[in-house]
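**Q** let's see this in three dimensions:
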Amino acid sequence: MLPAMGLILNWVLSALALLGVAYLYSGVAVASFGSAMWAALVIGLLNALVRPVLVVLTIPITIVTLGLFLFVINALMFWAASGLLKGFHVNGFWAALIGSLIYSALRLLIDAVLQRG
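**A** As a prediction, the model looks like this:
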């Protein structure tokens, strides 16, 4: 498979995972598949550009909490994406935390299936 095709497939599957989060949990709402595509793109960009900086800046807190603070960072990235987009809404921090956990689990499942195939 071409690298560009793999990237597009990953993006589409991430959008489907976001739609799955919205279906499974009422604290997250996605208006349409197009909104899910944009949200998946923004979450990916935030995770690639902002998350590493936050992880480095919060190393002491992460060590004290034995790594649990990384869940907070994931929730903040998820919540930030909803603040930047219309059509993707998260009902506060706790909804972002639960939504990001479900999204991470779905992405883990997708990655495992893609690695197998």
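**Q** all strands for this protein, in order.
**A** Secondary structure of the chain, counting by DSSP state E: strands at 28-30, 88-90.
**Q** for residue 41, find the nearest of those strands.
**A** Closest approach to residue 41 among the strands of the chain (Cβ to Cβ): strand 88-90, 10.7 Å. Glycine gets a C-beta too; all of them are placed from N, C-alpha and C.
**Q** list the helices and strands the closest one packs on?
**A** When contacts are defined as 3 or more Cβ pairs under 8 Å, 6 or more residues apart in numbering; DSSP states H and E, strand 88-90 sits against strand 28-30, helix 33-49, helix 69-84.
**Q** can you list the residues that contact whichever helix in the chain runs longest?
**A** Taking DSSP state H as the criterion, the chain has its longest helix at helix 93-116. Residues outside helix 93-116 that contact it (Cβ atoms under 8 Å, 6 or more residues apart in numbering): 9-10, 13-14, 17-18, 20-21, 24-25, 27-28, 43, 71-72, 74-79, 82, 90.
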